[in-house]
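>>> Here you go, sequence then predicted model.
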Amino acid sequence: RDQPRSRGLGDVYKRQVIGTGAIGIDHIRSFQQHPAANVVALAEVSAQRGQEAADTFGIPDLVTDYQDLLKRSDIDVISIALPNFLHASVGIEALRAGKHVMVDKPMATNAKDAAKLIAASKKHRRRLMVGQNMRFSPEVQTARHLINQGKLGDVYHAKTSWSRRSGIPRIGSWFTQKQFAGGGCTYDIGVHALDRALFLMGEFEAAAVSGQTYSQLGPLGRGNGDWGKGEVDKKAKFDVDDLAVALIKLKSGRTVLLEASWAAHLPENDFFTSQVFGTDAGIMLNPLRLIRPSRIGYVTEEVTPSTPLVNENRMVHFIDVLLGKVEPYVKPAESLAVQKILDAIYASSASGREVRIK
């Protein structure tokens, strides 16, 4: 189809999910919350995982080859919940087949492939969105609104972190193998912390990145977690990062300090926070707090999240985008900019030097 089909609000978008691991199950459950979305098919190479998901969610069609479903004219949306190295290639195939595409983060394993994904979306006139779900939370949406209102004054710096004490997604799974994942904690959870901070600052384009990645505890078998449903190869080499830090200099001159870890000797088991600093006040999540000076010193005020601007369910939001009800809350150009920063973190760590982003 050369043009997206127009639909009334009562019409149903039929969609398929590729991959029924832990995140694939989340995709299915999330899409089923929209009255105009009907999950009609799954693609899964594991017959057992696929059948379990199909039975649990009442999905009529299950195949092992996703290309069988790309040929179906009755499917409008493809949701990609696959290992990172397949995101771009499968996404491009789906776009070529005339499908709208929701792809899980990271967008790809390098910016070149991410750019190809965007180019395919434009060429085939289909919607593409990356599931950066953390920015959809009511707390983040409210924080963004307060910043846009000028409550912080001039924003100049952010600190953001997702750090786990023992949260490697099962040592030996595809997450811990570079050939499948492309990267470790930086791609898995660091991308969430980074995207949230850039979104709050309202700026995604970076000028330079200085980063360092580590692989210290995972290769020793420490820090193992239980996330995921895929197979585990006990003989597979742990060759991705389990901790990373980066200083990102944005084109405006503002900065973001990023920390991410799957495994580290921390007081908390799971620490996810972002702070934004302005000339008049600061904001910190989670919970959402406004820190501001007063006549008696400093006041920390806990802020109740307001009614979200968009639905906090990213899949429901994507269907609303396709129905023309809202503008996309995650734009492909923003996700590409995030991918460039991720690339630069790894390049900087490998070279020991700051990396300039063109």
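Yes, it's here. Residues are numbered from 1 along each chain as shown.
>>> Compute the number of surrounding residues for the closest residue to residue 286 other than its chain neighbours.
Distance criterion CB to CB, 6 or more residues apart in numbering; nearest residue to residue 286, sequence neighbours excluded, is residue 139 at 5.9 Å. All C-beta atoms are positioned from the backbone trio N, CA, C, and that covers glycine. Residues lying near residue 139 (other CB atoms under 10 Å) number 22.
>>> again, but for the one 5 residues further on
A count of neighbours around residue 144, defined by other CB under 10 Å, yields 19.
>>> ok, now which ones touch it?
135, 199-200, 202 (CB atoms under 8 Å, 6 or more residues apart in numbering).
>>> Let me have those residues in JSON lines, extended by distance to residue 143.
Listed next are the contacts of residue 144 as JSON lines, based on distance: CB to CB, whole Å:
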{"residue": "135", "distance to residue 143": "10"}
{"residue": "199", "distance to residue 143": "9"}
{"residue": "200", "distance to residue 143": "6"}
{"residue": "202", "distance to residue 143": "11"}
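>>> Let me know the closest of the residues you listed to residue 228.
For the contacts of residue 144, the closest approach to residue 228 (CB to CB) belongs to residue 135, at 23.0 Å.
>>> for that closest one, helix, strand, or coil?
helix (DSSP: H, G, I helix; E, B strand; the rest coil).
>>> State the mean pLDDT of stretch 235-251.
Per-residue pLDDT values over stretch 235-251 give a mean of 98.
>>> What residues of it count as buried?
Neighbour-count burial for stretch 235-251, counted by 16 or more other CB atoms under 10 Å, picks out 236, 238, 240-250.
>>> Please apply the same query to stretch 212-231.
For stretch 212-231, burial by neighbour count (16+ other CB under 10 Å) applies to 213-215, 217-218, 223-225, 227, 229-230.
>>> Check stretch 53-63 too.
Neighbour count says stretch 53-63 has 53-54, 57, 59, 62-63 buried, by 16+ other CB under 10 Å.
>>> Can I get it as PDB, trimmed to CA atoms?
Output of stretch 53-63 as PDB, limited to C-alpha atoms (Å, rounded to 0.1, in the frame of the first residue of the first chain):
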ATOM      1  CA  ALA A  53       1.800 -17.100  25.000                       C
ATOM      2  CA  ALA A  54      -0.800 -17.900  22.500                       C
ATOM      3  CA  ASP A  55      -2.800 -19.900  25.000                       C
ATOM      4  CA  THR A  56      -2.400 -17.300  27.800                       C
ATOM      5  CA  PHE A  57      -3.600 -14.400  25.700                       C
ATOM      6  CA  GLY A  58      -6.000 -16.200  23.300                       C
ATOM      7  CA  ILE A  59      -4.100 -15.400  20.200                       C
ATOM      8  CA  PRO A  60      -5.300 -17.500  17.200                       C
ATOM      9  CA  ASP A  61      -2.200 -17.700  15.000                       C
ATOM     10  CA  LEU A  62       1.300 -18.900  15.900                       C
ATOM     11  CA  VAL A  63       4.200 -19.300  13.400                       C
END
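>>> Backbone dihedrals for residue 84, both of them.
Torsion angles at residue 84 (phi, psi; degrees, to the nearest 10) stand at phi -50, psi -40.
>>> Please verify my assumption that it contacts residue 113.
No - the criterion here is CB atoms under 8 Å, and residue 84 misses it with residue 113 at 10.2 Å.
>>> Between those two, which is the more surrounded one?
Remark: of residue 84 and residue 113, residue 84 carries more neighbours, 21 against 18, as counted by other CB under 10 Å.
>>> out of the buried residues of stretch 235-251, who's nearest residue 80?
The closest of those to residue 80 turns out to be residue 240 (CB to CB; 20.4 Å).
>>> for the closest one, what are its contacts?
The contact partners of residue 240, taken as CB under 8 Å, 6+ apart, are 175-178, 181, 183-185, 187, 215, 218.
>>> In strands only, show me those residues.
Applying DSSP state E to these, no entry is found in strands.
>>> Which ChimeraX command selects the buried ones in those?
To isolate the buried ones among the contacts of residue 240 in ChimeraX, judged by 16+ other CB under 10 Å, type:
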select :175,176,177,178,181,183,184,185,187,215,218
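>>> Between the contacts of residue 240, which sits nearest residue 108?
Closest to residue 108, out of all of the contacts of residue 240 and judged by CB to CB, is residue 187, at 10.0 Å.
>>> Without its sequence neighbours, what residue ends up closest to that closest one?
Closest to residue 187 by CB to CB, 6+ apart is residue 106, at 4.9 Å.
>>> re the thing from before, now intersect the contacts of residue 144 with the helices, please.
Here DSSP state H is the test, and the contacts of residue 144 give 199-200 as lying in helices.
>>> In the contacts of residue 144, find the pair that's most separated.
135 and 202 (11.6 Å).
>>> Mind pulling the model confidence for residue 56?
Reported pLDDT at residue 56 in the predicted model: 90.
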